[in-house]
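Novice: Give me the fold of what follows.
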Amino acid sequence: MHQTRASGASSSGQCAPRLVRSNLVQTIGRSTARGGKKRAVLALPKGGNSAREVDMERQELERADPGGEPGKPSERNGVVAAFSLQQVVEQAPAPSSDKPLKINQDLSLYKLRQKRQKARRVNNPKVRQKLLQEVEDGLLKCMSQDPSDGRPYVSLGKHYATLGRVEDAASVYEEGTKATRGENAYIWQAWATLEYRRKNVRQARKLFDAATVADNQHAAAWHGWGMLEKSEGNFKRARDLFVKGIRYQPPQSPNAFLYQSVGVLAAEQGRPDEARQWFEEACNVGLGKSSPALWQSWGLLEYNQGNLVEAREIFKSGLDKHPRNRFLWLAWADMEAKEGNGDRARRLFEKGHSFNLKDPALLQAWARLEASVGDVDKARKLFGKGAKVDPQHQPLWQAWGIMEWKVNDSEKARELFQKGIWVSPDSKDACKLFQAWGLLEAQEGNVELARSLFKCAVKVDPQSSPAWQAWAQLEERIGNLIRANELRGYSLQSRIEEASNLDLSPTAAIGDSLFVPIVKQLSNWLSAPSDSERNMRLPPRKLDQSPRRSSFRNN
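Specialist: Prediction:
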């Protein structure tokens with residue numbers, strides 16, 4: 001439930017500051033006049049100042065080096081001139097007469113970001129594809145206009161990564177590091193995050209290291225590197241990186257994510273006093289006003305330590321500063337529900353929902369509370385409201401389906417599981433839906449269908465121990481004890497593969513042909529929307545029997 005992000009700071013940025021003489025200068029490039037001498041080229045922006053003002057600017061530049069030796073600054077009244085004309089020319093990054101003003105580049109990147117967000121909300125595939133292509137073309141144009149600006153590289157790399165084009169994303173980041181001469185920490189950090197998601201841990205470490213070398217105050221690099229080491233089990237190394245990142249931050253701009261992460265790490269390692277000190281220090285330096293995650297983590301720490309009154313006070317203080325934060329409302333209400341304070345939890349859910357009308361997680365948790373006290377009708381209304389607010393929220397479909405299953409409406413539960421899976425059949429949330437549906441079918445006696453659903457669950461998320469165990473229990477119940485032991489072994493093997501980034505299964509070389517007919521069959525079932533008016537039951541069709549093999553490919 002912790003409110004985290006992939007990076008603790010802005011994920012794009014400019015490289016080293018460039019010399020700016022005046023707002024009249026749009027581009028300073030190199031050109032060759034007669035005699036081979038270099039001169040500065042001043043381009044007048046459209047709608048800008050008059051030619052007379054531009055000439056005055058040129059004369060001011062020339063007065064900075066009145067007839068001195070090339071490359072040496074002149075002195076006037078004992079003061080060295082700030083720069084010479086030749087120095088300005090030499091520091092120009094590239095000969096480009098159409099390089100945009102920074103404000104125009106900012107506006108272009110903002111519009112492209114808005115267009116990319118719009119593409120995510122569009123349901124029409126053709127329209128979405130058109131918008132995504134426009135985003136790609138626009139970012140490429142920004143890169144060509146100003147190769148020294150690191151932001152287009154970061155944005156385009158993330159754009160490619162979102163589309164699954166990870167190789168293209170890596171190439172963009174590599175090109176960006178070359179174009180910025182390795183001085184842009186944002187590109188290094190984005191590239192490191194990409195490599196870590198590709199399970200290239202060693203390469204990711206090198207890239208995070210390069211990011212901290214480029215800018216030792218880049219909080220996102222320290223935070224990302226620390227989270228990498230934490231996920232790899234190197235807790236001491238992770239703590240050292242978080243602390244080093246905190247110490248490198250300027251006193252006037254500390255980073256909340258580093259404080260929150262090191263505090264959560266200390267709490268998870270059984271050091272509540274240290275965690276409490278980090279949270280208190282973060283609030284003392286003024287981060288409580290900008291980071292609701294600090295209050296949420298601190299409140300959960302006190303609750304887990306049995307300090308219910310202190311937890312309430314912390315949640316209240318956090319909401320006083322961040323009244324619209326859904327994570328704080330959800331954490332506090334969930335705590336009250338666990339303590340059996342149903343009325344207080346209901347009031348918190350209701351108030352949190354009033355601030356976040358389009359948040360499905362609050363509605364889902366509220367509906368589960370009502371279902372737990374037996375008010376099924378109200379729970380159905382809340383689940384239905386959440387599904388309308390965000391039909392892409394798969395945990396809501398799972399929770400709703402489980403509730404219907406518990407009240408003996410199996411047909412409705414099947415319909416809800418089907419809708420939830422169809423949102424995104426290859427996501428990890430779909431694994432939980434496959435597993436829940438498989439448990440339902442196993443209870444109903446549909447062994448073949450249950451087995452197929454469990455196979456899909458572990459295919460989607462090979463590290464899901466509950467899915468493996470549920471499948472093993474099914475095989476054990478029908479007498480396949482050897483098969484059940486094999487499945488429990490696969491559960492352990494998948495976790496080893498996740499830690500070592502190796503595929504140890506015998507079928508790694510022959511592909512996943514075992515799962516192809518299963519996925520295709522389920523795809524055919526899911527492609528047809530359920531007809532609730534005719535009360536049609538999803539038939540537990542038998543699948544083609546594949547030869548039993550004690551091997552599965554885990555991706």
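Novice: What helices and strands are in contact with the helix or strand that contains residue 404?
Specialist: Per DSSP states H and E: residue 404 is located in helix 394-406. Applying 3 or more Cβ pairs under 8 Å, 6 or more residues apart in numbering; DSSP states H and E, we find helix 394-406 packed against helix 360-372, helix 376-389, helix 410-423, helix 428-444. For the C-beta atoms, the positions are set from N, CA and C on the backbone; glycine is no exception.
Novice: Could you list every helix and strand in contact with the third one?
Specialist: Helix 410-423 makes packing contacts with helix 394-406, helix 428-444, helix 516-527 when contacts are defined by 3+ Cβ pairs under 8 Å, 6+ apart.
Novice: Report the rounded mean pLDDT for that helix.
Specialist: Regarding helix 410-423, the rounded mean pLDDT is 95.
Novice: what's the answer for stretch 193-211, then?
Specialist: 95.
Novice: what about the helix or strand that contains residue 328, distance to the chain center?
Specialist: For residue 328, the element it lies in under DSSP H and E is helix 326-338. Put simply, helix 326-338 sits 23 Å off its chain's centre (Cα atoms, centre = their mean, to the nearest Å).
Novice: Residues contacting the helix or strand following it, please?
Specialist: Counting by DSSP H and E, the next helix or strand C-terminal to helix 326-338 is helix 342-355. Identification of contacts with helix 342-355 by Cβ atoms under 8 Å, 6 or more residues apart in numbering yields 323-324, 326, 329-330, 332-334, 336-337, 359, 362-363, 365-366, 369-370, 373.
Novice: Tell me the spacing between the residue lying closest to residue 290 once chain neighbours are set aside and residue 266.
Specialist: Excluding its sequence neighbours, the residue lying closest to residue 290 (Cβ to Cβ, 6 or more residues apart in numbering) is residue 256, at 6.0 Å. Look at residue 256 and residue 266: by Cβ to Cβ, to the nearest Å, they are 16 Å apart.
Novice: can you give me the strands for the stretch 51-200 of the chain?
Specialist: 75-76, 79-80 (DSSP state E, counting those that start in this stretch).
Novice: Mind telling me which of the ones you listed the model trusts least?
Specialist: Looking at the strands of the stretch 51-200 of the chain, the bottom one is strand 79-80 with a mean of 32.
Novice: May I see the ChimeraX selection of the buried members of the contacts of helix 342-355?
Specialist: Applied in ChimeraX, the following selects the buried portion of these according to 16 or more other Cβ atoms under 10 Å:
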select :326,329,330,332,333,334,336,337,359,362,363,365,366,369,370
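Novice: returning to what we had before: what about the helix holding residue 404, distance to the chain center?
Specialist: 26 Å.
Novice: Out of the helices and strands packed on helix 394-406, flag the one nearest residue 176.
Specialist: Residue 176 lies closest to helix 428-444 among the helices and strands packed on helix 394-406, at 30.1 Å (Cβ to Cβ).
Novice: what's in contact with the closest one?
Specialist: Looking at helix 428-444 with Cβ under 8 Å, 6+ apart, the contacting residues turn out to be 394-395, 397-398, 401-402, 405, 410, 413-414, 417-418, 420-421, 423-424, 447, 449-451, 453-454, 456-458, 460-461, 464, 466-467, 470-471, 474, 477, 540.
Novice: And the helix holding residue 404, what's buried?
Specialist: 394-405.
Novice: same thing with stretch 244-259?
Specialist: 245-246, 248-249, 254-259.
Novice: Please apply the same query to stretch 440-453.
Specialist: Going by 16+ other Cβ under 10 Å, stretch 440-453 has these buried residues: 440-442, 446-447, 449-453.
Novice: From those residues, which land in strands?
Specialist: Judged by DSSP state E, strands contain none of the buried residues of stretch 440-453.
Novice: can you tell me which of these are in helices?
Specialist: 440-442, 447, 449-453 (DSSP state H).
Novice: possible to save those residues as TSV with pLDDT?
Specialist: As requested, those are exported to TSV (pLDDT from 0 to 100):
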residue	pLDDT
440	96
441	96
442	95
447	94
449	95
450	95
451	95
452	95
453	96
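Novice: Specify which member of those is nearest to residue 208.
Specialist: residue 453 (39.5 Å).
Novice: Surely residue 413 touches residue 401?
Specialist: Yes: counting by Cβ atoms under 8 Å, residue 413 does reach residue 401; the two are 4.5 Å apart.
Novice: What is the neighbour count of residue 269?
Specialist: Residue 269 is flanked by 14 other residues according to other Cβ atoms under 10 Å.
Novice: Actually, residue 132.
Specialist: So residue 132, with other Cβ under 10 Å, has 18 neighbours.
Novice: same deal with residue 126?
Specialist: 8.
Novice: contacting residues for it?
Specialist: Per Cβ under 8 Å, 6+ apart, neighbours of residue 126: none.
Novice: roughly how far apart are it and residue 119?
Specialist: 11 Å.
Novice: go on, residue 469?
Specialist: 39 Å.
Novice: who has more neighbours, these two?
Specialist: residue 119 (19 against 16).
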